[in-house]
Every structure is written in structure tokens, then in C-alpha cells.
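> Turn this into a structure:
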Amino acid sequence: MHTSLILLSDFAAAAAVQPLAAPKTIPQVIDGLTGWIMGIIALVATLFLTVGALRYMSAGGDPAQAEQAKGNFKSALIGYALAVLSPAILQVLQGILGG
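Predicted coordinates for the structure are as follows:
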């Protein structure tokens, strides 16, 4: 019993010493957002690419389905371009906000 009391008091003392997290600066927040935005945009672009490929393969000579597939491919290309350019866009935003 005595050992568990010592361990419990050591745990409580270690937990009490933890400092609070300092607020993040605007550049730190923008750096964090960059990774998330790039990932989300790339994920959506990959989804469009996959849907476009499935539509194109299942078109079976139907011109309307082939055109929809091409539209999905264009959307995927735009998405990938945005994912690549998002760090630059966020840097411009950081400059505007004064970070």
C-alpha cells in the first residue's frame, strides 16, 4: 500500500509541473494549416481522379459519360494544382495579416 501511495504522489507532482501551452503565433498557425489544407485538397482531388477514371472505364462508348469523366479529370488537375500552390497562397495570406 505504501508504495502505491508514493507512486500516486509522484504522478500528481509530475502532472502539476506541466506548463500550459503558449498561444501560437500567426505564422505557426498558418504553417499548421498548410499541411491540413494540402492534405484535404489532395484527398478530394484524388477522389475526383478516381471517380473520373471509373466513369471513363464504364462509359462504354457513351459520349456524355466520357465528357463527365473528362470534367472529373479537369477538376482533379485543378485540385492538385491548388494543393501544390497552397503554401504560396497561405504565405500571401500571412503577409496580408502582418505575420
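> tell me which residues in the longest helix that the chain contains are buried?
Taking DSSP state H as the criterion, the chain has its longest helix at helix 63-97. Residues of helix 63-97 classed as buried by neighbour count (16 or more other C-beta atoms under 10 Å): 68-69, 72-73, 75-76, 79-80, 82-83, 86, 90, 94. Where C-beta positions appear, they are placed from N, C-alpha and C, glycine not excepted.
> Find the residue at the geometric middle of the protein.
Using C-alpha atoms, centre = their mean, the residue of the chain that lies closest to the mean C-alpha position is Trp36, 2.2 Å off.
> tell me which element that residue is part of?
Element membership for Trp36, per DSSP states H and E: helix 26-58.
> for the record, mean pLDDT for that helix?
Averaged across helix 26-58, pLDDT comes to 88.
> now do stretch 63-83
In the prediction, stretch 63-83 has an average pLDDT of 93.
> what's the spacing between it and its chain's center?
Distance, stretch centre to chain centre, for stretch 63-83: 21 Å (C-alpha atoms, centre = their mean, to the nearest Å).
> which residues touch that stretch?
Residues outside stretch 63-83 that contact it (C-beta atoms under 8 Å, 6 or more residues apart in numbering) are 37-38, 41-42, 44-46, 48-49, 51-53, 55-56, 58-59, 89.
> From these, list just the buried residues.
Among those, those that count as buried by neighbour count (16+ other C-beta under 10 Å) are Ile37, Met38, Ile41, Ala42, Val44, Ala45, Phe48, Leu49, Val51, Gly52, Arg55.
> Grab the nearest non-local neighbour of the fourth one.
So the one you mean is Ala42. In space, Ala42 comes closest to Ala83 once its chain neighbours are excluded; the distance is 4.4 Å by C-beta to C-beta, 6 or more residues apart in numbering.
> Equivalent analysis for Arg55, please.
Take Arg55 and drop its neighbours on the chain: the residue closest to it by C-beta to C-beta, 6+ apart is Ala69, 3.9 Å away.
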